[in-house]
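A.B. asks: Next input, structure requested:
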Amino acid sequence: MRRRILISLLLGTAISWGREAPFRIPPATAAKIGQRLWKNECAGTIEGLTSWNTGEAFASLGIGHFIWYPRGPRGPYEESFPALVAHLANRGAPVPEWLRRAPFCPWPDRASFLSARNSPEMKELRGLLAGTVPLQAEFAAERSVRSLPKILAAAPRQERAAIEARFLSLSQTGGGLYCLMDYVNFKGEGTNPAERYKGQGWGLLQVLQAIDGVPRPDDAPAAFSVAARRTLGRRIELAPKPEGQWRAGWFSRCDSYARGL
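C.D. replies: Here you go, the predicted model:
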């Protein structure tokens with residue numbers, strides 16, 4: 001695995017990450033992408049920043065609906081909210097002491113979560129999340145770019161060079177970075193073997209595999225949009241239970257990737 005990856009972002013701003021340096025994106029880019037993520041996941045509402053969906057065993061919090069499990073068994077999805085809290089604290093955000101110390105989601109199930117929607121803790125949590133949108137986008141960006149080594153390790157060896165080239169092409173513009181960030185939050189990295197229908201995944205890895213060739217940076221978001229629609233359409237076709245009700249919303253989100261920032 002290479003020690004460092006260097007990417008040129010929008011407006012010629014170079015960023016790097018690795019053990020030697022923390023990851024950063026330009027604040028203006030983070031703010032724009034953060035607003036898009038907030039709209040996609042929460043309809044841009046304050047209330048949507050603290051959600052617990054029906055049938056799920058975890059809370060979905062922040063602009064990326066980052067997962068937070070209560071104490072007990074964990075599901076197949078990767079937990080990300082505790083890492084977000086650590087990131088916010090490290091960047092100087094006013095994280096409440098109770099949240100800093102919480103090892104698990106303090107609400108054990110959806111019913112208790114909903115009953116606490118107007119509690120002081122929940123109001124404090126929503127206030128923190130509404131006031132840190134660019135920092136959450138920064139966290140989402142770091143999460144997406146740090147997924148590349150994991151994605152390459154999970155890909156067939158003969159496809160790795162093309163997948164990396166597509167990823168790097170996307171990362172060279174703000175619109176392409178938005179594609180990477182949003183899709184990882186939306187459907188995951190695609191590296192978890194448990195997230196498959198008939199052996200076929202639907203995460204970022206699978207979308208990168210579905211892109212034709214290696215598009216130029218300016219063309220990469222549109223190519224990503226087409227590949228994402230193709231990947232999610234396959235998921236709907238292979239799903240063991242009907243998922244067609246999600247098609248319009250999923251495809252509309254895919255269409256947003258082609259529009260850039």
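A.B. asks: Counting neighbours, what do you get for residue 240?
C.D. replies: 7 (other CB atoms under 10 Å). In short, each C-beta sits where N, CA and C put it, glycine included.
A.B. asks: how close does it sit to residue 38?
C.D. replies: Look at residue 240 and residue 38: by CB to CB, to the nearest Å, they are 32 Å apart.
A.B. asks: elements contacting the helix or strand hosting residue 31?
C.D. replies: Per DSSP states H and E: residue 31 is located in helix 27-42. In terms of contacts (3 or more CB pairs under 8 Å, 6 or more residues apart in numbering; DSSP states H and E), helix 27-42 is packed against helix 133-145, helix 174-187, helix 247-257.
A.B. asks: starting at the chain centroid, how far to it?
C.D. replies: 11 Å (CA atoms, centre = their mean, to the nearest Å).
A.B. asks: And the contacts of it?
C.D. replies: 9-10, 13, 25, 44, 48-49, 51, 60, 63-65, 133-138, 140-141, 174, 177-178, 181-182, 185-186, 253, 256, 261 (CB atoms under 8 Å, 6 or more residues apart in numbering).
A.B. asks: Buried only: go through the residues you listed for me.
C.D. replies: Using 16 or more other CB atoms under 10 Å as the burial test, the contacts of helix 27-42 include 9-10, 25, 48-49, 51, 60, 63-65, 133-138, 140-141, 174, 177-178, 181-182, 185-186, 253, 256, 261 as buried.
A.B. asks: hmm, back to that, just how off-centre is the following helix or strand past the helix holding residue 31 within its chain?
C.D. replies: Later in the chain than helix 27-42, the nearest helix or strand by DSSP H and E is strand 50-51. Centre-to-centre, strand 50-51 and its host chain are 16 Å apart (CA atoms, centre = their mean).
A.B. asks: and the next helix or strand after strand 50-51, what other elements does it pack with?
C.D. replies: Under the assignment DSSP H and E, the closest C-terminal helix or strand after strand 50-51 is strand 59-61. Strand 59-61 sits against strand 50-51, strand 66-68, helix 81-90, with contacts defined as 3+ CB pairs under 8 Å, 6+ apart.
A.B. asks: Mind doing that once more with 6 Å?
C.D. replies: If contacts are counted by 3 or more CB pairs under 6 Å, 6 or more residues apart in numbering; DSSP states H and E, strand 59-61 sits against no helix or strand.
A.B. asks: what pLDDT does residue 142 get?
C.D. replies: You'll see residue 142 listed with a pLDDT of 87.
A.B. asks: domain parsing for the chain?
C.D. replies: The chain breaks down into these domains under automatic domain parsing: 45-135, 146-257.
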